[in-house]
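1. Generate coordinates for the sequence data below:
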Amino acid sequence: MKIIAMIPARYSASRFPGKLMQDLAGKPVIRRTYEATLATNLFDDVFVVTDSDIIYNEITNNGGKAIKSKVKHECGSDRIAEAVEFMDVDVVVNVQGDEPFTDKESLSKLIEVFKNDTQKEVDLASLMVEITDEEEINSPNTVKVVVNQSHFALYFSRSVIPYPRDKNAGAKYYKHKGVYAFRKQAVLDFYKLPMQPTEATEKLEQLRFLEYDKKIKMVETNVQGIEIDTPEDLERAKKVWK
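-> Got it, this is the predicted structure:
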């Protein structure tokens, strides 16, 4: 089974423009993420895939591998699909460019899903972490996921799900960490399928997979990490790095 990692990277970002090129302990965030992914030694290859000359040059000029997108894309999965269409790979792991603390343990769990899936029932796998902080649960910047008894995703939302009408019912809340592992065909199918209103409303690409009956296996991890979405996140990351 050939497994590669793809790190989709846009230069522009609505909440924090240019965040991937911000300095984190002497190197840009995107380079820190690329090097952390490479250091896991889990992959046959690791690429940054980007529409930005700045990011492309940052990676390639420092000995890394990058792919320049040929057309404009709305989301990272589309960007990855274009890049892997003619590659001989079985599983593609999408690592978010703004997660420089990407860890080997969590990525290993995703890869194991496919190694154990002998019937090829799983289209993609992703990570979730339990959250208990009320502010994080209620924040639209925190994407929540609800799963069934087999840990397959039922729905993702920026809203509070499940809604706590009965606060004593014992519901757990899970934050979706935007790291995916796809079968190659699943991400190619995604690229060709039109966006539906639910995805367009929530601005969550994973909903397209659910709307077209793809099975998403969620894997629980205890590793929170730091997603750099805001300048405040970057300052927190700098303190952790030290």
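
2. At which residues are the strands of this structure located?
-> Using DSSP state E, the strands found in the chain span residues 3-9, 23-24, 27-28, 45-50, 66-68, 91-94, 124-131, 144-147, 153-157, 173-183, 216-220.

3. got the CA coordinates for the last one in CSV?
-> Output of strand 216-220 as CSV, limited to C-alpha atoms (Å, rounded to 0.1, in the frame of the first residue of the first chain):
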residue,chain,number,x,y,z
ILE,A,216,-15.9,8.8,7.1
LYS,A,217,-14.3,6.8,9.9
MET,A,218,-13.5,9.1,12.9
VAL,A,219,-10.5,8.3,15.0
GLU,A,220,-10.2,9.7,18.5
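
4. Report the angle between that strand and strand 153-157.
-> 80 degrees (axes from the mean of the first three to the mean of the last three CA atoms, to 10 degrees).

5. hmm, back to that, tell me which of the strands of the chain sits nearest to residue 240.
-> With CB to CB, the closest approach to residue 240 among those belongs to strand 23-24: 9.9 Å. Heads up, the C-betas are built off the backbone N, CA and C, glycines and all.

6. what residues does the closest one touch?
-> Residues outside strand 23-24 that contact it (CB atoms under 8 Å, 6 or more residues apart in numbering): 32, 100, 234, 237, 238, 241.

7. mind checking which of the strands of the chain is nearest residue 207?
-> Closest to residue 207 of those is strand 153-157 (CB to CB; 6.0 Å).

8. on contacts alone, who are the packing partners of the longest helix along the chain?
-> Longest helix of the chain, by residue count under DSSP state H: helix 104-116. Applying 3 or more CB pairs under 8 Å, 6 or more residues apart in numbering; DSSP states H and E, we find helix 104-116 packed against strand 3-9, strand 91-94, strand 124-131, strand 173-183, strand 216-220.

9. What pLDDT does the model give residue 180?
-> Looking at residue 180, its pLDDT stands at 89.

10. Now it. Nearest residue, chain neighbours left out?
-> Distances taken as CB to CB, 6 or more residues apart in numbering put residue 94 closest to residue 180, at 4.3 Å, once the chain neighbours are dropped.

11. can you list contacts of stretch 151-167?
-> By CB under 8 Å, 6+ apart, stretch 151-167 touches 126, 137-138, 140-148, 171, 173, 176, 202-204, 206-207, 210, 215-220.

12. Buried ones among those?
-> Neighbour-count burial (16 or more other CB atoms under 10 Å) is assigned, among the contacts of stretch 151-167, to 126, 137, 142-147, 173, 176, 202, 204, 206-207, 210, 215-219.

13. Which of the helices and strands packed on helix 104-116 comes out lowest on mean pLDDT?
-> Minimum mean pLDDT among those: strand 173-183, a mean of 92.

14. Keeping just the C-alphas, turn that one into PDB.
-> Provided in PDB are the C-alpha atoms of strand 173-183 (Å, rounded to 0.1, in the frame of the first residue of the first chain):
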ATOM      1  CA  TYR A 173     -18.500  16.900  22.300                       C
ATOM      2  CA  TYR A 174     -15.800  16.200  19.800                       C
ATOM      3  CA  LYS A 175     -13.700  18.800  17.800                       C
ATOM      4  CA  HIS A 176     -12.900  17.800  14.300                       C
ATOM      5  CA  LYS A 177      -9.200  18.100  13.600                       C
ATOM      6  CA  GLY A 178      -8.800  18.800   9.900                       C
ATOM      7  CA  VAL A 179      -6.500  15.900   9.100                       C
ATOM      8  CA  TYR A 180      -7.900  13.400   6.600                       C
ATOM      9  CA  ALA A 181      -6.700  10.200   5.000                       C
ATOM     10  CA  PHE A 182      -8.400   9.400   1.700                       C
ATOM     11  CA  ARG A 183      -8.500   6.400  -0.600                       C
END
